[in-house]
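Asker: no sequence on hand, only this structure:
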């Protein structure tokens, strides 16, 4: 149980190097809230998604994939 | 070879023939044909032509500069049997699109077994070694599924990565909760190697952590 009021809380996703905590660059992502798209195919900034209100968007879905050509 | 071949079979055969080394290794050609067909099936059942439109940089061979690709694309149906390697590529393309093993009745010339790529969606030739430092899969991180796949004698490139969520108080900036969605040590993992080609798929740990699609 979180002590703070949900009105004050926001949540986000991040992708980082385990050892260095450095953000992983070059990842594209989609973010949706209860099935409705919030962010459609954007690049992670500093390895992070934007933060969204936990009260307004309690159920975020995050999908990420490497950006750019494979070969 | 009797009868005409479809546009998709011809395109797939040309990719496999054009991308493979000039050794005309049956498993190498077949593996490339299957890798393309595997990705087509996974990506909403696209045709090879549709895959080409969706990801134009997937194959080098179809950019017009590959003589072997161009040769197969221009070979009339009635002349396919005259070149064993061209015929090999066409048969593999047919089998890959049908997701079928080779016909044992073809005898020892054909490799008798399932998908030579072992479920791959991608492949790399010699450029993986010559362009190692700048290769996208090296930058992303890769590992060998089997030591025998390391036909180029290069080092694995692993990097442990974590995907996680955090909850913070927007007034204070303090992190108040969070959790791990998953972690992975490479984006790519080899599935097989034949001739001068290594075959790849995404590391399942990467797919689980990222939520991404296997074909993307």
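Answerer: In hand now; what should we look at? Please read these numbers as outputs of a predicted model, since none were measured by experiment.
Asker: would you mind measuring from residue B:3 to residue B:9?
Answerer: Separation of residue B:3 from residue B:9 (C-beta to C-beta, to the nearest Å): 11 Å. The C-beta positions use only the backbone N, C-alpha and C, and glycine is treated the same way.
Asker: which of the two has more neighbours?
Answerer: Taking other C-beta atoms under 10 Å in any protein chain shown, residue B:3 and residue B:9 do not tie; residue B:9 has more neighbours (22 against 6).
Asker: leaving out chain neighbours, which residue sits closest to the more buried one?
Answerer: residue B:93 (4.8 Å; C-beta to C-beta, 6 or more residues apart in numbering or on different chains).
Asker: who does the host helix or strand of the one you found touch, helix- and strand-wise?
Answerer: In this assignment (DSSP states H and E), residue B:93 forms part of helix B:84-98. Here helix B:84-98 touches helix B:7-19, helix B:26-42, helix B:67-74, going by 3 or more C-beta pairs under 8 Å, 6 or more residues apart in numbering or on different chains; DSSP states H and E.
Asker: report the distance from it to the chain centre.
Answerer: Distance of helix B:84-98 from the chain centroid (C-alpha atoms, centre = their mean, to the nearest Å) equals 16 Å.
Asker: swap in stretch A:35-46?
Answerer: 7 Å.
Asker: go on, stretch A:53-71?
Answerer: Distance, stretch centre to chain centre, for stretch A:53-71: 5 Å (C-alpha atoms, centre = their mean).
Asker: backbone dihedrals for the spatially most central residue of chain B, please?
Answerer: Most central in chain B under C-alpha atoms, centre = their mean is residue B:122, positioned 2.0 Å from the mean C-alpha point. The phi and psi values for residue B:122, taken as degrees, to the nearest 10, are phi -140, psi 170.
Asker: which stretches of chain B aren't confidently modelled?
Answerer: B:1-2, B:100-113 (pLDDT under 70).
Asker: please list the residues of it that sit near chain A.
Answerer: Within reach of chain A by C-beta under 8 Å from any C-beta of the partner chain, chain B has these residues: B:57-60, B:122, B:124, B:136-137, B:139-140, B:159-171, B:176-177, B:181, B:183, B:187, B:210-213, B:216.
Asker: now a ChimeraX select for only the buried ones of these.
Answerer: Buried residues within the residues of chain B next to chain A, by 16 or more other C-beta atoms under 10 Å in any protein chain shown, are selected in ChimeraX with:
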select /B:58,59,122,124,136,137,139,140,159,161,162,163,164,165,166,167,168,169,176,181,183,187,210,211,212,216
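Asker: just the ones in strands from the residues of chain B next to chain A, please.
Answerer: B:122, B:124, B:161-169, B:176-177, B:181, B:183 (DSSP state E).
Asker: in the helix holding residue B:93, which residues are buried?
Answerer: Neighbour-count burial for helix B:84-98 [16+ other C-beta under 10 Å]: B:85-97.
Asker: any chance of those in JSON lines, with distance to residue B:53 too?
Answerer: Below are the buried residues of helix B:84-98 laid out as JSON lines (distance: C-beta to C-beta, whole Å):
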{"residue": "B:85", "distance to residue B:53": "28"}
{"residue": "B:86", "distance to residue B:53": "25"}
{"residue": "B:87", "distance to residue B:53": "28"}
{"residue": "B:88", "distance to residue B:53": "27"}
{"residue": "B:89", "distance to residue B:53": "22"}
{"residue": "B:90", "distance to residue B:53": "22"}
{"residue": "B:91", "distance to residue B:53": "26"}
{"residue": "B:92", "distance to residue B:53": "23"}
{"residue": "B:93", "distance to residue B:53": "18"}
{"residue": "B:94", "distance to residue B:53": "22"}
{"residue": "B:95", "distance to residue B:53": "24"}
{"residue": "B:96", "distance to residue B:53": "19"}
{"residue": "B:97", "distance to residue B:53": "17"}
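Asker: pick the one among those closest to residue B:199.
Answerer: residue B:96 (12.8 Å; C-beta to C-beta).
Asker: tell me which two in the ones in strands among the residues of chain B next to chain A are the farthest apart.
Answerer: Largest pairwise distance in those, by C-beta to C-beta, is 46.7 Å, between B:124 and B:169.
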